[in-house]
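Trainee: fold the following.
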Amino acid sequence: MEEFSLQNLRSSERSDLLDEVAQGSSVPFHAGALDRSRPIEFLHRTRRFRDIELTRTTFNNYRGERTTTQARDLSAPRLVLAFSEGRVDIEQGDGQVRCAARSVVPFWSLSPWKVTVPERSSFWGFSIPMDELGLPHLLLRDLVSKDLGLSPLAPLLSRHMTSLAALPALNAESESALAAPSMDIVRAALALAVGDEFLSREPLGRTLGLRVMAFVRAHLTESNLTAERIAAHFGISRRYLFTIMHELGIPLHEWIRENG
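Mentor: Next up, the predicted model:
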């Protein structure tokens, strides 16, 4: 992942560098110190899969804000899913969420938002073009600034992001190939979060291969991790398991051996 780091930076010491990184995001915003009397900590990693931006950020004494002017720009609207590993406060519209570990909060580029981090915390961000997501705006609006951490597919989304970030360097074609199934996982998770099982059913079928990868990575250290066990977990045959992994260009036994 591409990396940008600022450690113990005083607000008077080139904090414009932090704002420059924020302006270069897929959803531009302004950033700086929450408390100007304290130093800022900011470690930011980015990886892209076609139009999807995956980020991992560790920060302290931080404030990020997308202004009304920025929200009215003509760029294609995007949805951001924030997966928190500590305290991160998110405000958008009438919604305010104090995130804790395992919180999952969507917010979008269509209206102003504010993110504040008063103490050292980390989160993953998944930025997605809303047009490609293909879900009704009214459905997404009802999810903005709500904690979806207890929704049925939130753990799957979290594992999927960490699996993507842990993949070795890929060529552009391979990274692009992972974009569509990643979009399907997000689509299914959001649809289930509002209780629409019909909208979620087809994406779940198309993302089976990536869900297998997430399961394998979560159980790599277990000696009984076999093709038979993986197939049984997903209710499919061993032959079909190898077929879907082949479609992803991943020899299952080699992948388990190399990542174990």
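
Trainee: quick one: mean pLDDT for the one helix or strand T69 maps to?
Mentor: If you go by DSSP states H and E, T69 is part of helix 68-71. Averaging pLDDT along helix 68-71 yields 93.

Trainee: going by neighbour count, list what's buried in that helix.
Mentor: Q70, A71 (16 or more other CB atoms under 10 Å). The way it works is simple: take the backbone N, C-alpha and C, and place the C-beta from them, glycine included.

Trainee: beyond that helix, next helix or strand please.
Mentor: Sequence-wise, the next helix or strand downstream of helix 68-71 (DSSP H and E) is strand 78-84.

Trainee: so what strands line up beside that following strand?
Mentor: Here strand 78-84 is paired, per DSSP bridges, with strand 104-108 (antiparallel), strand 121-129 (antiparallel).

Trainee: quick one: low-confidence ranges for the stretch 1-150 of the chain?
Mentor: Across the stretch 1-150 of the chain, the ranges flagged by pLDDT under 70 are 3-15.

Trainee: all strands for it, in order.
Mentor: 2-9, 30-33, 40-49, 52-60, 62-66, 78-84, 88-92, 95-99, 104-108, 113-117, 121-129 (DSSP state E, counting those that start in this stretch).

Trainee: any idea which of those strands is most buried?
Mentor: Among these, strand 104-108 has the highest mean neighbour count (mean count of other CB atoms under 10 Å), at a mean of 26.

Trainee: who's in contact with that one?
Mentor: Outside strand 104-108, the residues within contact range by CB atoms under 8 Å, 6 or more residues apart in numbering are 77-84, 90, 92, 97, 99, 113, 130, 140, 143-149, 151, 154, 157-158, 190.

Trainee: and if you look at stretch 127-146?
Mentor: Here stretch 127-146 has contacts from 25-27, 51-55, 76-81, 90-97, 105-108, 113, 183, 186-187, 190-191, 193-194, 196, 199, using CB under 8 Å, 6+ apart.

Trainee: mind doing that once more with 7 Å?
Mentor: 26-27, 51-53, 76-80, 90, 92-93, 95-97, 105-108, 183, 186-187, 190-191, 193-194 (CB atoms under 7 Å, 6 or more residues apart in numbering).

Trainee: stretch 158-169 too?
Mentor: Counting by CB under 7 Å, 6+ apart, 1, 47, 49, 54, 56, 83, 124, 126, 178, 182, 185, 210, 213-214, 217-218 sit against stretch 158-169.

Trainee: output that stretch as PDB, restricted to C-alpha atoms.
Mentor: Output in PDB follows, covering the C-alpha atoms of stretch 158-169 (Å, rounded to 0.1, in the frame of the first residue of the first chain):
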ATOM      1  CA  SER A 158     -14.000  -6.300   7.600                       C
ATOM      2  CA  ARG A 159     -12.200  -9.600   6.700                       C
ATOM      3  CA  HIS A 160     -12.500  -8.800   3.000                       C
ATOM      4  CA  MET A 161     -10.800  -5.400   3.400                       C
ATOM      5  CA  THR A 162      -7.900  -6.800   5.500                       C
ATOM      6  CA  SER A 163      -7.500  -9.700   2.900                       C
ATOM      7  CA  LEU A 164      -7.300  -7.200   0.100                       C
ATOM      8  CA  ALA A 165      -4.700  -5.100   1.900                       C
ATOM      9  CA  ALA A 166      -2.600  -8.200   2.600                       C
ATOM     10  CA  LEU A 167      -2.500  -9.400  -1.000                       C
ATOM     11  CA  PRO A 168       1.000  -9.100  -2.600                       C
ATOM     12  CA  ALA A 169       1.700  -6.600  -5.300                       C
END
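
Trainee: ok so, going back, how far off centre is the helix holding T69?
Mentor: For helix 68-71, the separation from the chain centroid amounts to 23 Å (computed by CA atoms, centre = their mean, to the nearest Å).

Trainee: just stretch 80-98 next, same as before
Mentor: Counting by CA atoms, centre = their mean, stretch 80-98 comes out at 13 Å from the chain centroid.

Trainee: tell me which residue is most central in the protein.
Mentor: With distances taken as CA atoms, centre = their mean, the chain has F126 as the residue nearest its mean C-alpha position (2.9 Å).
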